[in-house]
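Asks: Give me the fold of what follows.
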Amino acid sequence: MVVVTGTGTGVGKTVVTAALAAAAGRAGRSAAVLKPAQTGVAAGEPGDVAEVRRLAGAEVAGVELARYPDPLAPDTAARRAGLPGVAPRRAAAAARELAARHDLVLVEGAGGLLVRCDEVGGTLADTARLLDAPVLVVAAAGLGTLNAVALTAEALRARSLANLGTVVGSWPATAGLAEWCNLRDLPRVTGAPLRGALPAGAAELPPARFRASAGSWLAPALGGSWRIPATPREFASGREASRAG
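Replies: The predicted model follows:
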């Protein structure tokens with residue numbers, strides 16, 4: 001079981017979750033994704049679970065516990081909708097049910113690690129603690145990410161939660177100095193390994209190509225073959241190979 005969080009919104013958590021599920025599937029392992037709270041999506045519209053299954057394959061099981069239409073933190077969105085939030089105990093119970101039937105369960109949070117999920121202040125960190133599950137942090141590639149990732153790592157340590165490492169959710173086609181320096185600095189500031197980098201636009205690939213390429217974006221600990229590239233040219237070559245494959 002892996003809890004997937006981010007340093008904020010829009011950093012690529014859903015696409016990374018899909019890549020993890022796709023890599024598991026190609027290794028012959030069954031995967032399930034749990035989204036405790038989906039915000040910013042109206043009834044009947046596809047949410048993050050649907051996107052994971054579109055990219056990783058319909059054989060991936062998906063469960064969404066609650067949906068709130070406003071694009072806000074889950075607790076805030078729930079209050080505005082007049083609905084209850086999703087307590088960590090409820091999310092943990094759902095994850096355990098999925099774990100009884102699947103080899104890998106991915107619990108994808110909303111926003112960051114300490115975003116409130118219910119009216120009493122429960123967070124994704126509380127869900128991870130109840131599950132005794134490692135947390136994978138998805139981060140942006142460029143300026144500002146070191147501070148955000150360091151704060152998340154500090155919050156994990158303060159709660160005695162296992163930091164599985166960091167994945168860059170969207171690596172730009174043309175990376176600058178900040179991005180290349182961050183590849184080396186992220187492990188140093190977090191005390192946890194860098195576990196992969198997904199190319200920008202990965203979600204726009206045809207699903208079959210996404211599934212075939214997912215392992216090349218993830219480190220061996222996550223079921224892939226990725227390693228920190230030695231040069232910008234090496235990364236670009238790998239990116240083009242995944243698109244062509």
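Asks: rest of the way, CA atoms for contacts and neighbours
Replies: OK.
Asks: for the chain, what spans make up the strands?
Replies: Counting by DSSP state E, the chain has strands at residues 2-6, 31-39, 61-68, 104-112, 135-139, 163-171, 194-199.
Asks: quick one: the first one to chain centroid distance?
Replies: When distances are taken as CA atoms, centre = their mean, to the nearest Å, strand 2-6 is centred 5 Å away from the chain's centroid.
Asks: In this protein, where is pLDDT below threshold?
Replies: Under the criterion pLDDT under 70, the flagged ranges of the chain are 230-245.
Asks: Need the residue in it that's farthest from the chain's center.
Replies: Computed with CA atoms, centre = their mean, the residue of the chain farthest from its C-alpha average is residue 82, at 28.0 Å.
Asks: Could you tell me how far that residue is located from residue 74?
Replies: Using CA to CA, to the nearest Å, one obtains 12 Å as the distance from residue 82 to residue 74.
Asks: hang on, the earlier thing: need the strands of the chain in CSV with distance to residue 226, can you?
Replies: Written out in CSV, the entries for the strands of the chain read as follows (distance: least, CA to CA, whole Å):
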stretch, distance to residue 226
strand 2-6, 19
strand 31-39, 20
strand 61-68, 26
strand 104-112, 20
strand 135-139, 16
strand 163-171, 11
strand 194-199, 6
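Asks: And the ones you listed: which comes nearest residue 221?
Replies: When the strands of the chain are ranked by distance to residue 221, counting by CA to CA, first place goes to strand 194-199 at 7.4 Å.
Asks: quick one on the thing from earlier: of the strands of the chain, which is nearest residue 49?
Replies: strand 61-68 (5.7 Å).
Asks: Please name every helix or strand in contact with the closest one.
Replies: Judged by 3 or more CA pairs under 8 Å, 6 or more residues apart in numbering; DSSP states H and E, the packing partners of strand 61-68 are strand 31-39, helix 48-56, helix 74-81.
Asks: and residue 120, how far is that from residue 189?
Replies: Taking CA to CA as the measure, residue 120 and residue 189 are separated by 31 Å.
Asks: which of the two has more neighbours?
Replies: Regarding residue 120 and residue 189, a neighbour count based on other CA atoms under 10 Å identifies residue 189 as having more, with 16 against 10.
Asks: Show the contacting residues for the more buried one.
Replies: Taking CA atoms under 8 Å, 6 or more residues apart in numbering as the definition of contact, the neighbours of residue 189 are 146, 149, 150.
Asks: try residue 25
Replies: 31, 56.
Asks: and if you look at residue 89?
Replies: Residues near residue 89 by CA under 8 Å, 6+ apart: 127, 130.
Asks: Ok, residue 14 next?
Replies: 48, 51, 52, 108.
Asks: out of the residues you listed, what pair is the most spread apart?
Replies: In terms of CA to CA, those reach their longest pairwise distance at 51 and 108, which sit 12.2 Å apart.
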